[in-house]
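Participant: Need coordinates for the below:
(one chain, ligands or ions: 1)
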Amino acid sequence: MEDALLRKNYPFFDQHPDLIYFDNAATALKPRCVIDALVRYYEKESVNVHRSAYPLAQALEKRYEQAREQVASFLHAQAEEIIFTGGTTAAMNQLAYALLPQLTDGDVILTTYAEHASCILPFLHLKQFKRIEVAYIPLDAHGRFSLPALKASLHSRVKAVVLAEIGNVLGYRLPLAQIAELVHEAGALLFVDGAQSAAHGRTDVKASKVDAFACSAHKLGATTGVGALYLKKELFPVLQPAFYGGTSNCDFDEAGHIVLCEGSAGYEAGTPPIEGAIAFGEACAYLQKIGLDVIEAKEQQLKEHLFAGLKKIAHVTLWNEDSAVPIAAFTIDHIHVQDAAAYFAKHGVCLRSGQHCARLLKQAIDAKATLRVSLAFYNTIEEIDRFLALCEKITLDACVDLYME
Ligand code: PMP
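Facilitator: Here you go, the predicted structure:
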C-alpha cells in the first residue's frame, strides 16, 4: 500500500504533521477504525456484558466474544484459549501466580538478562512465597540467545522458561518451536512474552507449541491497559486463575467451594475491558486486512534502510545488527543518551533513551543505556532519511546548547 494512503488511516499524522514517530515499540499509533470502534461503544453500546436479558447487552456480549475470535484468529489460537487481560504485564503476573501452587522449594524459573521487567519481576516476586530460584540463560556478548545455552541451563528442577519472542531493545527473534521442544523435553513450561513480536508479522501459537503467550493491545494499535493471554487448553486445570470475583464463577458456597466458568471465562473475574477488547479485535482484523506479509516486507525494507544508514555514520555504534525487526539500539560517541534524546526531541523525533525496562541487559552487553528507534510499517524511508541526517549532524556542543536556551 502506498505510504500516503496508509498514513491517512492514522489521525495522529494530521495532528502532528512535523513529528517523526519512532517509538512504536513503546506503543503503536491508533488507526481510524479502532478509534471509531471505541466511539461507537461509548456513544451507542456502553452497557455491560455477561448474561443480561436485554437486547443491547446481548448484542454487546456477542461483539465481545467476536473480539475474542478476532484475537484468536490473529494468534492462531482457539477462541476459548484467549483470556482478555490488562496487558502483557498483567498476563505475566497471572502466569506467575498460577504457577505458584505448582512450585516447591528448590524449583527454578529460567529467563535471560535481555527480558523486559514484566517477564522477570513477577517471577522474582514468587521468592517471597517459596524458596525458588530465578536463573538466567547465558547470552553472548551481543545479547544473543542460543539453543545450546538453553539446553545447558535446563534440568529437572526447572519448572518454567520465560522469554520474549522478540526483545524490546535488541529485537532478536527467538526460535520458539525449537525452544518449546527442548523446554518440554525437560518437563518445563514455556511462557512467551509476545508484546513486541505480535506487532511484527505472523504469530502462530499452535505451530510454535508454546504453553502461554502474552501480548498487549496497544502495541498493535488498540487501547492501553488491555491484552490477551493465550493459554493452552490442556493447561487450564493446572494453571488456575489468579483473580476471583463476579462473572468468572458459576457457583460457590460459604466454605469456599468454587465452580469456575468453563474456558477463558473462568479467568476473567470482574467487568472486563469491554471496549478495549472490541478495539483489540478491530486492530487485529485491520492488520490482517493490510496483510501480515505486506507488513513484514515493508518493515524489512525500513529496517535495512535504517540499519545501513546508521552503520555508515562513524560516531554511531549499533548494538543489534542482527535484529529481526526495525528496532535499532544505538549510542553516539561521547554523547549521553539522554542528551542525544533531547536533541532528537528538539528536532521533532520521538524515540526512547535509557534501559527500556530491561535493566539487566547491561549485564549481557557492553552498553549501560541506549537510544532506541522502533519503526512500524506506517513509517517511511523519507522519515528515516531526515532522522539519519540529524544523526550525522549531532554534536556534543549542539546537545549542550539545548540546556543554554
Ligand atoms: N514485554 C515487552 C518485550 C515489552 O516491550 C513490553 C512493553 N514495553 C512489555 C512486556 C509490557 O507491556 P505492557 O506495558 O503493555 O504490559
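
Participant: Distance check, residue 182 against residue 193.
Facilitator: Applying CB to CB, to the nearest Å, the value for residue 182 to residue 193 is 18 Å. Glycine gets a C-beta too; all of them are placed from N, C-alpha and C.

Participant: Counting neighbours, go ahead and name the busier of these two.
Facilitator: residue 193 (30 against 17; other CB atoms under 10 Å).

Participant: What's the separation between residue 77 and residue 231?
Facilitator: Taking CB to CB, one finds residue 77 at 9 Å from residue 231.

Participant: which of these two has more neighbours?
Facilitator: residue 231 (30 against 22).

Participant: For the closest residue to the more buried one other than its chain neighbours, give me its contacts.
Facilitator: Once flanking residues are discounted, residue 231 sits nearest to residue 212: 5.1 Å by CB to CB, 6 or more residues apart in numbering. By CB atoms under 8 Å, 6 or more residues apart in numbering, residue 212 lies in contact with 91, 95, 189-192, 229-232, 235, 239.

Participant: I'd like to know which of these are part of strands.
Facilitator: 189-192, 229-231 (DSSP state E).

Participant: Near the ligand, list only the ones from the residues you listed.
Facilitator: When these are checked against the ligand using CB under 6 Å from any ligand atom, none falls in range.

Participant: Quick one: buried ones out of the residues you listed?
Facilitator: 189-192, 229-231 (16 or more other CB atoms under 10 Å).

Participant: Which one of those is nearest to residue 41?
Facilitator: residue 229 (22.2 Å; CB to CB).

Participant: Contacts only, for that closest one.
Facilitator: 82-83, 85, 91, 94-95, 212-214, 267.

Participant: if you set the cut-off to 10 Å instead, what comes out?
Facilitator: Applying CB atoms under 10 Å, 6 or more residues apart in numbering, one finds that residue 229 lies in contact with 81-88, 90-92, 94-95, 98, 191, 194, 212-215, 264, 267.

Participant: which bits of the chain sit near the ligand?
Facilitator: So the chain meets the ligand at 25, 87-89, 116, 118, 164, 168, 193, 195-196, 216, 357 (CB under 6 Å from any ligand atom).

Participant: Pick out the lowest-pLDDT one from those residues.
Facilitator: Across the set of those, residue 357 stands lowest in pLDDT, at 90.

Participant: Can you pull the residues that touch both of residue 77 and residue 231?
Facilitator: 205, 213.

Participant: which residues of the stretch 201-350 of the chain fall in helices?
Facilitator: 274-290, 292-312, 337-346 (DSSP state H, counting those that start in this stretch).

Participant: that older thread, could you dump the ones in strands among the contacts of residue 212 to CSV with pLDDT?
Facilitator: Converted to CSV, these look like this (pLDDT from 0 to 100):
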residue, pLDDT
189, 98
190, 98
191, 98
192, 98
229, 98
230, 98
231, 98
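
Participant: The ligand: which of the residues you listed is nearest?
Facilitator: Top of the list for closeness to the ligand, among those and by CB to the nearest ligand atom, is residue 192 at 10.2 Å.

Participant: roughly how far is the helix or strand of the chain with the lowest mean pLDDT from the heart of the chain?
Facilitator: For the chain, counting by mean pLDDT, DSSP states H and E, helix 396-404 ranks last in confidence among helices and strands (a mean of 84). Centre-to-centre, helix 396-404 and its host chain are 35 Å apart (CA atoms, centre = their mean, to the nearest Å).

Participant: can you check stretch 213-224 too?
Facilitator: With CA atoms, centre = their mean, you get 7 Å for stretch 213-224.

Participant: Export that stretch to CSV, keeping only CA atoms.
Facilitator: Extracted C-alpha coordinates of stretch 213-224, given in CSV (Å, rounded to 0.1, in the frame of the first residue of the first chain):
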residue,chain,number,x,y,z
PHE,A,213,1.7,-16.3,25.1
ALA,A,214,1.0,-12.8,26.3
CYS,A,215,0.6,-9.6,24.3
SER,A,216,-0.7,-6.0,24.6
ALA,A,217,-3.4,-4.5,22.5
HIS,A,218,-1.8,-1.0,22.5
LYS,A,219,1.3,-2.3,20.7
LEU,A,220,-1.0,-3.4,17.9
GLY,A,221,-2.8,-0.1,17.5
ALA,A,222,-5.6,-0.6,20.1
THR,A,223,-6.1,0.7,23.6
THR,A,224,-3.7,0.7,26.6
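
Participant: any idea what sits nearest the spatially most central residue of the chain, other than its immediate chain neighbours?
Facilitator: Residue closest to the average C-alpha location in the chain (CA atoms, centre = their mean): residue 195, at 0.9 Å. If the residues on either side of it in the chain are set aside, residue 195 comes closest to residue 88, at 4.1 Å by CB to CB, 6+ apart.

Participant: Is it correct that the one you found is in contact with residue 228?
Facilitator: Yes. Taking CB atoms under 10 Å as the definition, residue 88 is a contact partner of residue 228 at 9.2 Å.

Participant: ok, those two, which is more surrounded?
Facilitator: Regarding residue 88 and residue 228, a neighbour count based on other CB under 10 Å identifies residue 228 as having more, with 33 against 27.

Participant: Tell me the confidence at the more buried one?
Facilitator: Residue 228 is given a pLDDT of 98.

Participant: Bridging across strands, which residues link to it?
Facilitator: Using DSSP bridges, the bridge partners assigned to residue 228 are residue 84, residue 215.

Participant: And the residue of the stretch 251-400 of the chain that's closest to the ligand?
Facilitator: For the stretch 251-400 of the chain, CB to the nearest ligand atom, closest residue to the ligand: residue 357, 5.7 Å.

Participant: Distance-wise, check the residue nearest to residue 231 relative to residue 248.
Facilitator: To residue 248, residue 212 is 18 Å away according to CB to CB.

Participant: mind listing what the residue nearest to residue 195 touches?
Facilitator: Contacts of residue 88 by CB under 10 Å, 6+ apart are 116, 118-119, 164, 193-196, 198, 213-219, 227-229.

Participant: again, only using 8 Å
Facilitator: 116, 118, 193-195, 214-216, 227.

Participant: what does residue 200 give?
Facilitator: 166, 295-296, 299, 324-325.
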